[in-house]
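*Asks:* got a predicted model here, sequence first, then my questions.
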Amino acid sequence: MKISINMAMTLDGKVVRPDGKWYGLTSPEDKKQMDVYRSQSDALLLGKNSILMDNPVVKIRSIPNALNPRPVILLRQGTIPSDKHVFDESDHIPLIICTRGNMKEVKASLENKAEIFALDADEIEPKKITGILKRKGYKNVLLEGGPKLNFSFFEEDLIDRIYITLVPYLIGKTGLAGIADGMSPIPEFDQKNWTLTQSITKGNEIFLTYDKR
Ligand SMILES: NC(=O)c1ccc[n+]([C@@H]2O[C@H](COP(=O)([O-])OP(=O)(O)OC[C@H]3O[C@@H](n4cnc5c(N)ncnc54)[C@H](OP(=O)(O)O)[C@@H]3O)[C@@H](O)[C@H]2O)c1
């Protein structure tokens, strides 16, 4: 199973606006490119905060007859509102992976909206997630952030490919996350450089693909 990350990033490396959301800084070309990546994936991993803050539309719109990847949401604590787009706009019922701590709460709020899989643990370890997704037969997983969820997968060396769109803005404010945001450096980050396998310029944006060496 292959896991790719897809993020848009400003010229100064930020993936979040000062208000903690991400909107309005990418072009229609980026949205088309995002649809291409989604159409090549069978599962779409989404971060809890990203769903709460951005309420992303996960349906592929620019590629006729493309099959949408199945949304997969990881909830370690609490739950999310059932009126988010992710529950209404996909071809598949989303899969929610939660913990023993929030299982009851998640079931009470989302039982009719998603398949719920509760881990017998309080943490959500990315390796367990990849195990579950592999067993379900997924081959190409696209992780669309946010930075905390990305970090937990980078930390365990589980990412095979990075798609980055460089958008022509510069925010400048300190403390805004980049594509991965954790409390410690990624282990041996300076021993693991990535190979640039594609670079496409469209208008003022660059679409970069980096693969694990
Ligand atoms: N520029 C872009 O392309 C782009 C794309 C996506 C998002 N974003 C931005 O990113 C912002 C949110 O990013 P974020 O980093 O705060 O949050 P996030 O990565 O979207 O979600 C993190 C949350 O997911 C839950 N979680 C469950 N399992 C986890 C695990 N194994 N590792 C880490 N988290 C896990 C945790 O919440 P609980 O412990 O509460 O369950 C955690 O706080 C959004 O507001 C959006 O604006 C930007």
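*Replies:* Ah, there it is.

*Asks:* ends of stretch 182-199, how far apart?
*Replies:* The stretch stretch 182-199 measures 27 Å between its terminal residues, going by C-alpha to C-alpha, to the nearest Å.

*Asks:* got a list of contacts for it?
*Replies:* If you take C-beta atoms under 8 Å, 6 or more residues apart in numbering as the criterion, stretch 182-199 is touched by 148, 151-152, 154-155, 157, 162, 180, 206-213. In this view, the C-beta of every residue, glycine as well, is placed from N, C-alpha and C.

*Asks:* run the last query once more with 7 Å
*Replies:* 151, 154-155, 162, 180, 206, 208-213 (C-beta atoms under 7 Å, 6 or more residues apart in numbering).

*Asks:* just want the most central residue of the protein.
*Replies:* Here the mean C-alpha position of the chain is nearest to the C-alpha of Glu144 (C-alpha atoms, centre = their mean), at a distance of 2.0 Å.

*Asks:* which strand residues bridge the closest residue in space to that one that isn't next to it in sequence?
*Replies:* Here the nearest residue to Glu144 in space, its sequence neighbours aside, is Asn6; by C-beta to C-beta, 6 or more residues apart in numbering that works out to 5.4 Å. Here Asn6 sits in beta bridges with Tyr163, going by DSSP bridges.

*Asks:* what about Asn6, distance to the ligand?
*Replies:* Applying C-beta to the nearest ligand atom, to the nearest Å, the value for Asn6 to the ligand is 7 Å.
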